[in-house]
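Undergrad: Build me a structure from this.
(chains A and B)
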Amino acid sequence: MDYQAKIQVLQDNIQKVIVGKPEAVRLSLVALLARGHLLIEDVPGVGKTTLAHSLARSLGGTFQRIQFTSDLLPSDILGVSIYDQRTGEFQFKPGPIFANVVLADEINRTTPKTQSSLLEAMNDFQVSVDHRTYKLPRPFIVLATQNPLEYQGTHPLPESQMDRFLLRIRIGYPQEVDEKRILQGRRAVSSVEELGPVISAEEVLVLQRCVEGVRVDESLVDYLMAIVQATRRSEALALGVSPRGSLSLHRAAQALAFIEGRDYCVPDDIKSLAISALAHRVMAKTRWRLGEGRTEEEEEILWGILQETPIPR
Amino acid sequence: MSFYFHLSSYLLALNGFLSLGLTDKFSPFGLALILLAVILSWWSPDLGATSPLFRRFMGVLPFFFLSFAIGDVLFLADSFITGVIHLLILLGLYKLYNRRDNRDYLDIYIISFFQLVAASALTTSLAFLIHFLAFMILGTWTFVLFHLKREVERGGVLAKGLGDAGQVLSPSFFLSSLGVALLSFALTLGIFLVIPRIGRAYLPFKSRVGTLVTGFADKVELGAFGNIQTDPTIVMRVGMPEPLGQGVILDRLRWRGVAFDYFDGRSWFSLDRERWTILRNSEGIFPVGRLEAGATVIRQEVYLEPIGATALFAAPRVVGIKGDFPAILLDGTGSISAALPERRIHYTAYSQPDAFPEEWLKEEDAEYPSSITETYLQLPQLPARVVQLAKALAQGTSGPYEKAKRVESYLLENYRYSLNLGRDPRFEPVEDFLFVQKQGNCEYFAASMAVLLRRMGVPARVVNGFQRGEWNEVGRYFAVRQRDAHSWVEVYFPRAGWITFDPSPRATFEAQVAPSGAIFKYLDWLRMRWNRYIIDYNLGDQIVLAITLKRRSEAMREGLLSGVRGLWGHFSMRGILPLVKDLRLLLIPGLALSILFIMLRRRDLRSCIPWGRRGPFWKDYPKVAFYERMLKILGRQGLIKGEIETPREFSQRVAREWGMEEVPDIIRLYYRVRYGKERLSLDEEVKIEGILSRVARREGQIHG
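TA: Next up is the predicted model:
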């Protein structure tokens, strides 16, 4: 299997739908190859769901979309045990989470209780219902979208939940040229439904294993640690990056290197991924005062930290 | 090209092994075995590819080698250097059987070089010159081919021009590299003449000694020469710088070594071992004997091979010796000796072999001083037949000269010279020779003559040395071989002293031996030049150093051995610790270890050792030179990389703001080297140089 060709095909496939956002597409692939989950956060209407959906459709294997609403219950996601009258036993009916790709749309519209039901699934790739544990299919990736916190009718995700996401990315408004293209040329831009799978679940597993073999020079690990330490020491942050966070950045950097066709990491991998991989794990002190944290503020603090951390020679 | 590359690599390796063959450390059979193994290894890569068992076996082999080498040096080999040679052979063979990539070939070349170096320390043979030349020529070929091969594999710039290998490997290619080799040889020669050689005294000549020593010790049994009198090895060369004198002198020219005074019926002894130390006189000559006025003095330039004896050989009636000895010793029998190092030595001897004409000797009477009669009339109990023969021969003779002449001619005429020494154990050796065998070699002739003369009351003694040898008119010297070892008799005359008589009819016997051909004479002359101007070149203090080093190393070996024994007994390190202090002595084991290290560089080999898997045990942050240079060049133009800027960001800024579009390309290559730990191809290096020079030119434009 030509890995680079596979990745290129996957990237091209998604970009048929997501026009002018190669960075966002690339980051979504990073999450996929680093065995992580992806949180896409932005204002409504910029293509969050489209990105998640097109990634999901490009992969072989099973796909489930869950529309998170305020009345959604954990069992609606995980599944329920139903009494079977014939056998006289409870039988487990798996919920929509049992899929290779799960699109959790507008995840912050549901209650914290339901949000938390995802915790075990995302971290341990298994689900426990009625004292029994069920393995999830592999690969397993959660692609979640959410609106910024200050919007109406949202429940912020708990910190522990946020920490489960490898990356939080933003899409942003498209460039004028691209937006014009979207409006005019319906032909050039496919709709999500037209996309077919271009890579099988097994191939994704192989790629994920390859990513683990990407070399990270010791000096780069030192650089990564310097960033993480700075978040823990920072005056502006109430909560620094967890060890899981540094592990995530490490893995994400490996995946990015692999996507760019290298079997070794470079400083740019870490620097360019630091905000996506770490910003959602830290908490600005201002959040205590305002009651709610602002995504932008935490990203700015991390940006400041990056501006103060020297690159290894 | 691959075939030529293999061939020249193999010839180079073979040359290394063959040069080791020059040392006398291997029997012809052993050498043949090694060469067979070398040749068989030509097909070994196929073996490694098909048999995983073979590969695994090869993986553990170096550790056996190492343990063998340690045991070898401690217990088996006769010197450190022999142990190193054994290790070199094992490693060389190992590499030949395990060659897979370019690095293995490089190792093979290095080992071949070490073999040559080791051989140079152990041999003084002229053939080494041939091996050395071969190494230079083959080495040049091989390295050029090696470079080409690697370049083709890399697909570098050269490869593009190498589409057809046949174009490159034309005769002119070989000729031009031959020229390069010869040029470097000339250069080496220059360096050689400037820098003196060391290490000569390291030569363990022990094995070559042995046979000859027997003839020149304090005691010589009759028949001792028998086994060496067929050996054509050259033991010394005696140069005659002045025009040769009368034929008479030449006929009787012999190289006297040791004299014997006591005979017990079977062996001759040198009992009168009182020695006088002779010191150099103001002219740098050791005065050994009295100079007889009016007699011809012949000068001899003697090049003596190490034969294990301490005797200095020269024509009889030596008057002086000139040579690089601290002092020489003279004993009562007129034998000259010096404390000789085990190496080839050169000295000048001045002799007066014919100081006294025959007429003088005839007039001599039998008035001997008591000191002479006490020593030189000694005889064991003689068989009646021998006593009668002495009486019969003495009848009708007047003086001692006549007696001596009569015995000499009696033996010459009535007995046959033969190397087939038959012995009838019922009789004493002399009786057996005179009455039963009636044939024998020079020792029997000499012994019989001395015994008969002593019985007649004429003081006589047996002398061992060499006969004249073969005249080499190319180099104007006598080539003296082992088979020229000879015994004769000296008879005492009250006024003239000791005069040479030779009763063996050896000359008639020798006539059957064909003289050497002209080619041989040229070769031997070349060999002598080699010895004179290469081997003996300006040794001076280096020899002393080398001897000291040798003694130290022997002491260390001794100490190491006793240390090991001590460890065995007491588990104490006391024996070894003092040895480590002398760091110089770690040189040779260090050499062996570094060879082993070269082999362990291989990654696959490293994976066999537990600590090898972890990768390099030192931290390395390679500084990438071209990147540093680029930063410097850009820095001079005011483009300085910020601390928080990654190299890529910096390069993009430079490209964006300053229009240096090529700088990001350099950064890509830099990342590959710095973080990918990859090596750049020649193409890429050329490209980098191009970009850097363009970037630097911009600098010139800015400032200009």
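
Undergrad: Can you show me the helices along chain A?
TA: Taking DSSP state H, the helices of chain A run over residues A:3-15, A:22-33, A:48-58, A:74-78, A:112-116, A:118-124, A:159-163, A:176-184, A:201-212, A:218-233, A:243-259, A:267-278, A:286-290, A:295-308.

Undergrad: Helices of the stretch 301-450 of chain B, start to end?
TA: Taking DSSP state H, counting those that start in this stretch to define them, one finds helices in the stretch 301-450 of chain B at B:358-363, B:370-376, B:384-394, B:400-414, B:429-431, B:442-455.

Undergrad: for those, which one sits closest to chain A?
TA: With CB to the nearest CB as the measure, helix B:442-455 is the member of these nearest chain A (81.1 Å). The way it works is simple: take the backbone N, C-alpha and C, and place the C-beta from them, glycine included.

Undergrad: Buried residues in that closest one, which are they?
TA: B:442-455 (16 or more other CB atoms under 10 Å in any protein chain shown).

Undergrad: So which of these reach chain A?
TA: Of the residues in the buried residues of helix B:442-455, proximity to chain A by CB under 8 Å from any CB of the partner chain holds for none.

Undergrad: thinking again about what came up before, and the helices of the stretch 301-450 of chain B as CSV, adding distance to A:Glu41 and mean pLDDT?
TA: Listed next are the helices of the stretch 301-450 of chain B as CSV, based on distance: least, CB to CB, whole Å; pLDDT from 0 to 100:
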stretch, distance to A:Glu41, mean pLDDT
helix B:358-363, 129, 82
helix B:370-376, 121, 86
helix B:384-394, 128, 89
helix B:400-414, 124, 89
helix B:429-431, 118, 87
helix B:442-455, 113, 90
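
Undergrad: and the residue lying closest to B:Ser337 once chain neighbours are set aside, how far is that from B:Gln300?
TA: Using CB to CB, 6 or more residues apart in numbering or on different chains and skipping residues adjacent in sequence, the residue nearest B:Ser337 is B:Thr310, 4.2 Å away. Taking CB to CB, to the nearest Å as the measure, B:Thr310 falls 18 Å from B:Gln300.

Undergrad: Next up, the contacts around the closest residue to chain B within the stretch 51-200 of chain A.
TA: Using CB to the nearest CB, the single residue of the stretch 51-200 of chain A nearest to chain B is A:Gln175, 18.3 Å away. Applying CB atoms under 8 Å, 6 or more residues apart in numbering or on different chains to A:Gln175 gives the contacts A:Gly20.

Undergrad: what do you get for B:Leu382?
TA: Contacts of B:Leu382 (CB under 8 Å, 6+ apart): B:Glu428, B:Val430, B:Val451, B:Arg455.

Undergrad: quick one: which of the helices of chain A has the weakest pLDDT on average?
TA: When the helices of chain A are ranked by mean pLDDT, helix A:286-290 comes last with a mean of 59.

Undergrad: Apart from its chain neighbours, what residue comes closest to the residue nearest to the spatial centre of chain B?
TA: Centroid-nearest residue in chain B, with CA atoms, centre = their mean: B:Thr123, separated by 2.1 Å. Closest residue to B:Thr123 apart from its sequence neighbours, by CB to CB, 6+ apart: B:Leu22 at 4.3 Å.

Undergrad: What is the neighbour count of the one you found?
TA: Neighbours of B:Leu22 under the rule other CB atoms under 10 Å in any protein chain shown: 21.

Undergrad: Do I have it right that it meets B:Leu116?
TA: No - in this structure, B:Leu22 is not within contact of B:Leu116 by CB atoms under 8 Å, at 10.0 Å.

Undergrad: Name the residues contacting each of the two.
TA: With CB under 8 Å, 6+ apart, B:Leu22 and B:Leu116 have common neighbours B:His131.

Undergrad: circling back: so can I have JSON lines of the buried residues of helix B:442-455 showing distance to B:Ala479?
TA: Below are the buried residues of helix B:442-455 laid out as JSON lines (distance: CB to CB, whole Å):
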{"residue": "B:Cys442", "distance to B:Ala479": "19"}
{"residue": "B:Glu443", "distance to B:Ala479": "23"}
{"residue": "B:Tyr444", "distance to B:Ala479": "26"}
{"residue": "B:Phe445", "distance to B:Ala479": "24"}
{"residue": "B:Ala446", "distance to B:Ala479": "23"}
{"residue": "B:Ala447", "distance to B:Ala479": "28"}
{"residue": "B:Ser448", "distance to B:Ala479": "30"}
{"residue": "B:Met449", "distance to B:Ala479": "28"}
{"residue": "B:Ala450", "distance to B:Ala479": "29"}
{"residue": "B:Val451", "distance to B:Ala479": "33"}
{"residue": "B:Leu452", "distance to B:Ala479": "34"}
{"residue": "B:Leu453", "distance to B:Ala479": "33"}
{"residue": "B:Arg454", "distance to B:Ala479": "35"}
{"residue": "B:Arg455", "distance to B:Ala479": "38"}
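
Undergrad: wait, which of those is closest to A:Leu239?
TA: B:Glu443 (107.6 Å; CB to CB).

Undergrad: which non-adjacent residue is nearest that closest one?
TA: Here the residue nearest B:Glu443, using CB to CB, 6+ apart, is B:Ser487, at 4.5 Å.

Undergrad: What is the burial count for that neighbour?
TA: There are 28 residues near B:Ser487, going by other CB under 10 Å.

Undergrad: Might you report the residue contacts of the nearest residue to A:Pro158 once chain neighbours are set aside?
TA: Nearest residue to A:Pro158 in three dimensions, chain neighbours excluded: A:Pro112, at 6.0 Å (CB to CB, 6+ apart). Contacts for A:Pro112 (CB under 8 Å, 6+ apart) come out as A:His155, A:Leu157, A:Pro158.

Undergrad: Report how many residues lie close to B:Gly690.
TA: Residues lying near B:Gly690 (other CB under 10 Å) number 11.

Undergrad: One more: the one 5 residues further on?
TA: The tally of other residues near B:Val695 (other CB under 10 Å) stands at 21.

Undergrad: wouldn't it be in contact with B:Met660 here?
TA: Yes - assessed by CB under 8 Å, B:Val695 is found in contact with B:Met660 at 6.2 Å.

Undergrad: Which helix or strand contains B:Phe29?
TA: Element membership for B:Phe29, per DSSP states H and E: helix B:28-40.

Undergrad: buried stuff in that helix?
TA: Those would be B:Leu31, B:Ile34, B:Val38, for helix B:28-40 by 16+ other CB under 10 Å.

Undergrad: Ok, stretch B:455-463 next?
TA: In stretch B:455-463, counting by 16+ other CB under 10 Å, buried: B:Arg455, B:Met456, B:Val458, B:Pro459, B:Ala460, B:Arg461, B:Val462, B:Val463.

Undergrad: Now distance to B:Leu377 too, for those, in TSV please.
TA: Output for the buried residues of stretch B:455-463, formatted as TSV (distance: CB to CB, whole Å):
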residue	distance to B:Leu377
B:Arg455	9
B:Met456	10
B:Val458	8
B:Pro459	6
B:Ala460	9
B:Arg461	11
B:Val462	14
B:Val463	17
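
Undergrad: so of these, which ones are in helices?
TA: Residues of those located in helices (DSSP H): B:Arg455.
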